[in-house]
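**Student:** got a structure for you, letters missing:
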């Protein structure tokens, strides 16, 4: 089977990670994706050895295709437990790490990826991480949760906002109230985006679980 078909099969497993009793090592699907990339990318790079530009373009197009599909699978985890979200966040960090290394996988020559490639991977996977951190964030105050969302993500699409609400397990009536608050907030808010200050805003509410998870990530990587 082709790389794309093997990756689709592995990505499809992401949506089964909704529950869990504890956070452990990276999930089997993450290991499978890493294995597929590690065995295929060096071959592609050798075939395009005389044209680094085409290989860079291949990596860029791959990331542009892979990351949105991965986020789509994350959105299918609904509702997701806090432990399930923690495991997904750990897996997402693992995948971000391997994607950033993608152009030099299996290479004896250490080269930095192109800035355009690094930007695509970093922005796309940080978005996935922010989605999961929002799922883990407190939501007792609807206004505070909407504010956290608009600060962490520049996305003003009510459809994506509703997907996060479904991941958190909000009832339909609560979703309608939150979506209305979200529409009002995005109509009056300019900017937003992903930034360090925004992450701290969620942390100010209750970041103990996120801090513990980040320590686990640093320990493993």
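**Tutor:** Structure received. Keep in mind that what you see is a predicted model, and the values were worked out from it rather than measured.
**Student:** for the nearest residue to residue 79 once chain neighbours are set aside, what are its contacts?
**Tutor:** Counting by Cβ to Cβ, 6 or more residues apart in numbering, the nearest residue to residue 79 once its immediate chain neighbours are dropped is residue 169, at 3.4 Å. C-beta here means a position set from N, CA and C on the backbone, and glycine is covered the same way. Shown here is residue 169, whose contacts under the criterion Cβ atoms under 8 Å, 6 or more residues apart in numbering are 78-80.
**Student:** can you go through the residues you listed and name the buried ones?
**Tutor:** Applying 16 or more other Cβ atoms under 10 Å to the contacts of residue 169, the neighbour count classes 78, 80 as buried.
**Student:** could the contacts of residue 169 go into TSV alongside pLDDT, distance to residue 112 and secondary structure?
**Tutor:** Output for these, formatted as TSV (pLDDT from 0 to 100; distance: Cβ to Cβ, whole Å; DSSP: H, G, I helix; E, B strand; the rest coil):
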residue	pLDDT	distance to residue 112	secondary structure
78	87	38	coil
79	90	40	coil
80	88	35	coil
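**Student:** mind giving me the packing neighbours of the longest helix belonging to the chain?
**Tutor:** Counting residues, the longest helix found in the chain (DSSP state H) is helix 52-75. Of the remaining helices and strands, those touching helix 52-75 by 3 or more Cβ pairs under 8 Å, 6 or more residues apart in numbering; DSSP states H and E are helix 3-12, helix 28-47, helix 82-100, helix 115-136, helix 158-168.
**Student:** roughly how far out does that helix sit from the chain middle?
**Tutor:** Taking the mean C-alpha point of helix 52-75 and that of its whole chain, the gap between them comes to 13 Å (Cα atoms, centre = their mean, to the nearest Å).
**Student:** look up how far residue 30 lies from the residue nearest in space to the middle of the chain.
**Tutor:** For the chain, the residue nearest the mean C-alpha position is residue 128 (2.1 Å; Cα atoms, centre = their mean). When distance is defined by Cβ to Cβ, to the nearest Å, residue 128 is 13 Å away from residue 30.
**Student:** again with residue 143
**Tutor:** When Cβ to Cβ is applied, the distance between residue 143 and residue 30 equals 36 Å.
**Student:** please say which of the two ends up with more neighbours.
**Tutor:** Here residue 143 and residue 30 are compared on neighbour count by other Cβ atoms under 10 Å; more neighbours surround residue 30, at 23 against 10.
**Student:** how about the contacts made by the more buried one?
**Tutor:** With Cβ under 8 Å, 6+ apart as the criterion, the residues that contact residue 30 are 91, 94-95.
**Student:** between those, which is closest to residue 164?
**Tutor:** If you rank those by distance to residue 164 using Cβ to Cβ, residue 91 comes first, at 17.8 Å.
**Student:** now the contacts of residue 30 in JSON lines, with pLDDT?
**Tutor:** Formatted as JSON lines, the contacts of residue 30 follow (pLDDT from 0 to 100):
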{"residue": "91", "pLDDT": "90"}
{"residue": "94", "pLDDT": "92"}
{"residue": "95", "pLDDT": "93"}
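**Student:** PyMOL command for the buried members of these?
**Tutor:** The PyMOL selection below is limited to those of those classed as buried (16+ other Cβ under 10 Å):
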select buried, resi 91+94+95
